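K.L.:
Predicted model follows, preceded by the sequence.
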Amino acid sequence: MLDPDELFPSRDEPDEGMTAAIAAVCARLGRAIEVAGPGRARSTIVGGAIDGERVAWVEQRWQDAGYPDIEEYTLTMRAGDGRERAWIVETYNPWFGCEVYLLRWFGDEVVAVYREKHRTIVCTVGFTGAPRLRVIAFAWQIVGDVVLYASEARGLVERVRVPDLTVCTPIPIDEAARDLAAGTCESLEPLVPDGAALWSRIAARLPDVSGVTAELLIGALAYPFWDAPVPLSESYEDAYRRAHDRWNTPCWLPFYAYQALDAGTAEMLLAEFDAIAARAPAAYDPADAPAELAARHIAARCGELAAVCRAGRLPDGVTCHFWVEWSQEAFVAEEPLFPPGMWRVWQGLAAGARSRR
């Protein structure tokens with residue numbers, strides 16, 4: 001299975017496009033990238049965007065204390081008609097730094113993607129009103145008006161449309177790779193948080209397996225296709241809290257279910273994994289996109305699950321944190337999110353989970 005690190009660019013510093021944008025903004029403003037103020041005060045432009053008469057920039061204000069003692073980051077937006085806004089970029093603590101990787105105008109709003117101490121955040125700021133923030137993964141890329149990023153669920157890529165930050169249907173990572181290569185995103189449907197209606201549609205697209213197996217796989221692997229998006233935040237504190245209060249993904253639950261079975265039943269489950277892994281992609285129309293994309297994702301993961309079941313261990317470099325105590329305590333409240341068959345499997349395994357903590 002494709003590794004997200006192979007799909008998304010690594011970002012240790014702004015890319016050439018951002019460097020050029022910063023230079024263009026400084027030329028427009030008639031200032032240097034770094035400016036010395038009174039005493040030890042310094043100001044550095046660390047992000048920029050120009051769209052016609054509109055200009056936006058992120059300014060890092062700091063003191064030269066023998067090291068950069070960063071005080072704050074400010075996003076300034078200025079339109080040709082005189083409208084202007086300055087917004088303090090919200091982070092855990094500016095002293096730890098903030099890398100601005102994307103700054104782009106969408107009409108009268110600016111979209112920024114920045115990474116601070118703990119999180120990568122996509123935010124939209126207009127000349128009026130509260131900013132809108134959403135936490136995404138460290139591994140991400142933008143295609144047109146869609147930000148794609150690695151899902152917590154292995155093998156999936158999630159998508160957010162900008163500037164409204166609408167969460168759209170996720171896609172299997174191999175399909176995301178094709179979209180990124182083509183520079184476009186297909187099947188961009190808003191995510192509909194109605195799991196019960198989707199479960200049967202996904203099951204109908206899978207090969208003939210037992211109902212328990214279908215519900216186990218649908219729940220453990222495909223829940224991002226109906227999991228209600230975290231509401232948009234207007235502050236960093238709220239965005240961080242919402243992202244932090246989250247259980248760890250159950251995407252390896254079918255492997256643990258296999259390990260708990262007797263030899264004969266385990267072989268039957270393994271045969272079902274193999275049958276689903278052999279599933280060929282089917283045609284679909286936009287209304288069927290979530291069910292078909294979920295079925296394709298389940299098929300891809302079943303190939304990997306069959307391999308790890310035969311090996312008796314997770315892939316090299318992969319760890320599972322689903323069973324840690326705080327995650328299990330948070331997961332208990334999520335029963336309505338998952339098919340009943342998967343929930344019963346988890347309940348049966350939970351009693352033995354302490355031995356894996």
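P.N.:
Okay, I see it.

K.L.:
how about stretch 98-115: buried residues?
P.N.:
Residues 98-105, 109-115 are the ones in stretch 98-115 that count as buried (16 or more other CB atoms under 10 Å). Every C-beta, even on glycine, is put in place using the N, C-alpha and C of the backbone.

K.L.:
Need the residues that contact it.
P.N.:
Here stretch 98-115 makes contact (CB atoms under 8 Å, 6 or more residues apart in numbering) with 11, 13-15, 18, 21, 46-51, 54, 56-58, 60, 73, 75, 77, 79, 89, 91, 116, 120-127, 136, 138, 140, 142, 145, 147, 162-163.

K.L.:
distance between the ends of it?
P.N.:
Counting by CA to CA, to the nearest Å, you get 6 Å between the two ends of stretch 98-115.

K.L.:
what bits of the protein have low per-residue confidence?
P.N.:
The chain contains residues with pLDDT under 70 at 187, 353-357.

K.L.:
What subset of the contacts of stretch 98-115 is buried?
P.N.:
11, 14, 18, 21, 46-50, 54, 56-58, 60, 73, 75, 77, 79, 89, 91, 116, 120-126, 136, 140, 142, 147, 162-163.

K.L.:
Which parts of the chain are helices?
P.N.:
Applying DSSP state H to the chain gives helices spanning 4-7, 16-29, 173-182, 195-204, 211-222, 236-244, 253-259, 263-277, 289-311, 325-331, 340-350.

K.L.:
Out of the ones you listed, the one nearest P229 is which?
P.N.:
Each of the helices of the chain has some distance to P229 by CB to CB; the shortest is helix 236-244, at 10.2 Å.

K.L.:
Can I get the closest one in CSV? Just the C-alpha atoms.
P.N.:
The C-alpha coordinates for helix 236-244 follow below in CSV (Å, rounded to 0.1, in the frame of the first residue of the first chain):
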residue,chain,number,x,y,z
TYR,A,236,-6.9,27.7,17.7
GLU,A,237,-7.9,26.5,21.2
ASP,A,238,-11.2,25.1,19.9
ALA,A,239,-9.6,23.5,16.8
TYR,A,240,-6.8,21.9,18.9
ARG,A,241,-9.3,20.6,21.5
ARG,A,242,-11.6,19.1,18.9
ALA,A,243,-8.7,17.3,17.2
HIS,A,244,-7.1,16.2,20.4
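
K.L.:
Who are the packing partners of that helix?
P.N.:
strand 132-136 (3 or more CB pairs under 8 Å, 6 or more residues apart in numbering; DSSP states H and E).

K.L.:
Next, the angle helix 236-244 makes with the strand it packs on.
P.N.:
30 degrees (axes from the mean of the first three to the mean of the last three CA atoms, to 10 degrees).

K.L.:
thinking again about what came up before, tell me which of the buried ones among the contacts of stretch 98-115 fall in strands.
P.N.:
Here DSSP state E is the test, and the buried ones among the contacts of stretch 98-115 give 46-50, 54, 56-58, 60, 73, 75, 77, 120-126, 136, 140, 142, 147 as lying in strands.

K.L.:
Once you drop chain neighbours, what's closest to V122?
P.N.:
Leaving out its chain neighbours, the residue that sits closest to V122 by CB to CB, 6 or more residues apart in numbering is V113, at 4.9 Å.

K.L.:
Give me the distance between E189 and V324.
P.N.:
Using CB to CB, to the nearest Å, E189 is found at 34 Å from V324.

K.L.:
Oh, that last question was meant for A56, not what I typed.
P.N.:
41 Å.

K.L.:
quick one, what contacts the residue nearest to D274 when sequence neighbours are not counted?
P.N.:
Counting by CB to CB, 6+ apart, D274 lies nearest to A306, which is 5.4 Å off, once chain neighbours are set aside. By CB under 8 Å, 6+ apart, the residues touching A306 are L270, F273, D274, A277.

K.L.:
From these, list just the buried residues.
P.N.:
L270, F273, A277.

K.L.:
how about these in JSON lines, adding distance to A283?
P.N.:
As requested, those are arranged in JSON lines below (distance: CB to CB, whole Å):
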{"residue": "L270", "distance to A283": "29"}
{"residue": "F273", "distance to A283": "24"}
{"residue": "A277", "distance to A283": "20"}
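
K.L.:
Could you let me know which of those residues ends up closest to P207?
P.N.:
Distances from P207 to those, taken by CB to CB, are shortest for A277, at 9.5 Å.

K.L.:
domain assignment for this structure?
P.N.:
4-182, 195-356 (automatic domain parsing).

K.L.:
Distance of the residue nearest to F331 when sequence neighbours are not counted relative to V318?
P.N.:
Take F331 and drop its neighbours on the chain: the residue closest to it by CB to CB, 6+ apart is W247, 4.2 Å away. Distance of W247 to V318, given as CB to CB: 18 Å.

K.L.:
Between the two, point out the one with more neighbours.
P.N.:
W247 (18 against 12; other CB atoms under 10 Å).

K.L.:
wouldn't that one be in contact with V324 here?
P.N.:
No - using CB atoms under 8 Å, W247 is not in contact with V324, being 9.3 Å away.

K.L.:
Quick check: closest non-adjacent residue to D81.
P.N.:
Distance criterion CB to CB, 6+ apart; nearest residue to D81, sequence neighbours excluded, is E53 at 7.9 Å.
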